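In: Need coordinates for the following:
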Amino acid sequence: MKRNKSSFPQIIIASTSTVYGGSYLDYLTDELTEYFKDIDNLLFIPYARPSGLTHEAYTNIARDYFEKLQVNVKGIHEFNNPKDAIGKAQAIFTGGGNTFVLVNKLYKYNLISILRQRILEGMPYLGTSAGSNITGQSMQTTNDMPIVSVPSYQTLGIFPFNINPHYLDPAPDLLKHMGETRDTRLKEYLHFNTVPVVALREGSYIQTVNNQWLLKGNLPARIYFSLEDIREVESGTDIKPFFL
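Out: Alright, predicted model coming up:
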């Protein structure tokens, strides 16, 4: 498959796979139909294992969805050599779940470098939740519990920022204490780190199109450039110039 080199890399990273009240990836169907129109086979990385799903069960969820798009799905765990599977993949989808579990596996099988290389070469990549987290500089702004150890927080570094998926706005009118807000936690992160954070609300996603990093979906994103510079950015905005 040939692609316009001016639009490399080809990425869609989404906050979530399922928006409340919807079904798996349904809110992205129109986008994904176009995005994968030239793709016959998709490699699925199920390592994040939401709710402890087996790799097989998680892959079947993705397989059932992509059958509607006439795209065949095979899980990376089905290959004897996962590095070789990434090297030969036509396109890759990394599903959501626990980012620590995902990154642990990527390091265990020495897949970080080859996955980064393939994405930068222009191989289409789709990531949701944890699968979007890993496209940033590090996984330090994940919402997940560290249920397993990771050799490093460093991830693919495709973008010059980190991702915070599932961003929730503070609810000041609630009478009950709801714990730390996401805003509080991201500001704590910025006390000790300088890499900006793009916080994606549910149903929001970023797609690289013609050398642009377009924010899409029905809601704005909240970008934490620093403690003194936090902005609401509307859907449809090319956020790439913010980071040049």
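In: Could you use CA atoms for every contact and neighbour count after this?
Out: Will do.
In: Show me what the helix of greatest length in the chain is in contact with.
Out: Criterion DSSP state H: the longest helix present in the chain is helix 55-67. Contacting residues not belonging to helix 55-67 are listed as 24-25, 44-47, 49, 72-75, 77 [Cα atoms under 8 Å, 6 or more residues apart in numbering].
In: Kindly report the same for stretch 74-84.
Out: With Cα under 8 Å, 6+ apart as the test, stretch 74-84 has contacts from 41-46, 55-56, 59, 63, 85-86, 109-111, 114.
In: Just those: which are in strands?
Out: Among those, the residues falling in strands (DSSP state E) are 41-45.
In: In TSV: those, plus pLDDT, neighbour count and distance to Ser15.
Out: Conversion of the ones in strands among the contacts of stretch 74-84 to TSV gives the following (pLDDT from 0 to 100; neighbours: other Cα atoms under 10 Å; distance: Cα to Cα, whole Å):
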residue	pLDDT	neighbour count	distance to Ser15
Asn41	98	17	24
Leu42	98	23	20
Leu43	98	23	20
Phe44	98	27	17
Ile45	98	26	17
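In: got the contact list for Pro241?
Out: So Pro241 contacts nothing (Cα under 8 Å, 6+ apart).
In: isn't there a helix covering it?
Out: Yes: counting by DSSP: H, G, I helix; E, B strand; the rest coil, Pro241 falls inside a helix.
In: those strands in this structure, which residues are they?
Out: According to DSSP E, the strands that the chain contains are 11-14, 41-45, 72-75, 92-94, 125-128, 162-164, 197-199, 205-209, 212-216, 221-226, 229-233.
In: Which residues belonging to stretch 148-163 are considered buried?
Out: 150, 154-158, 161-163 (16 or more other Cα atoms under 10 Å).
In: Apologies, that question was intended for stretch 26-43.
Out: Across stretch 26-43, burial judged by 16+ other Cα under 10 Å covers 27-28, 32-33, 35-36, 39, 41-43.
In: Which ones among the residues you listed map onto helices?
Out: Using DSSP H, the subset of the buried residues of stretch 26-43 located in helices is 32-33, 35.
In: May I see the strands of the chain arranged in CSV, with distance to Lys240 as well?
Out: Converted to CSV, those look like this (distance: least, Cα to Cα, whole Å):
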stretch, distance to Lys240
strand 11-14, 13
strand 41-45, 27
strand 72-75, 31
strand 92-94, 23
strand 125-128, 18
strand 162-164, 13
strand 197-199, 12
strand 205-209, 9
strand 212-216, 5
strand 221-226, 12
strand 229-233, 12
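In: To Thr184, which of those strands lies closest?
Out: strand 221-226 (11.5 Å; Cα to Cα).
In: got the angle for the closest one vs strand 212-216?
Out: Orientation of strand 221-226 against strand 212-216 (axes from the mean of the first three to the mean of the last three Cα atoms, to 10 degrees) gives an angle of 130 degrees.
In: Kindly export stretch 14-31 (C-alpha atoms) in CSV.
Out: The C-alpha trace of stretch 14-31 is given here as CSV (Å, rounded to 0.1, in the frame of the first residue of the first chain):
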residue,chain,number,x,y,z
ALA,A,14,-8.5,8.0,21.1
SER,A,15,-9.3,8.5,24.7
THR,A,16,-11.6,5.4,24.8
SER,A,17,-12.8,2.5,22.8
THR,A,18,-16.4,2.9,24.0
VAL,A,19,-18.3,6.0,24.7
TYR,A,20,-21.0,5.8,27.4
GLY,A,21,-24.2,4.4,25.9
GLY,A,22,-22.5,3.2,22.8
SER,A,23,-20.8,0.0,21.6
TYR,A,24,-17.2,-0.9,20.9
LEU,A,25,-15.6,1.7,18.6
ASP,A,26,-18.9,2.7,17.2
TYR,A,27,-18.3,6.4,17.5
LEU,A,28,-15.2,6.0,15.3
THR,A,29,-16.7,3.7,12.7
ASP,A,30,-17.0,6.4,9.9
GLU,A,31,-13.4,7.5,10.6
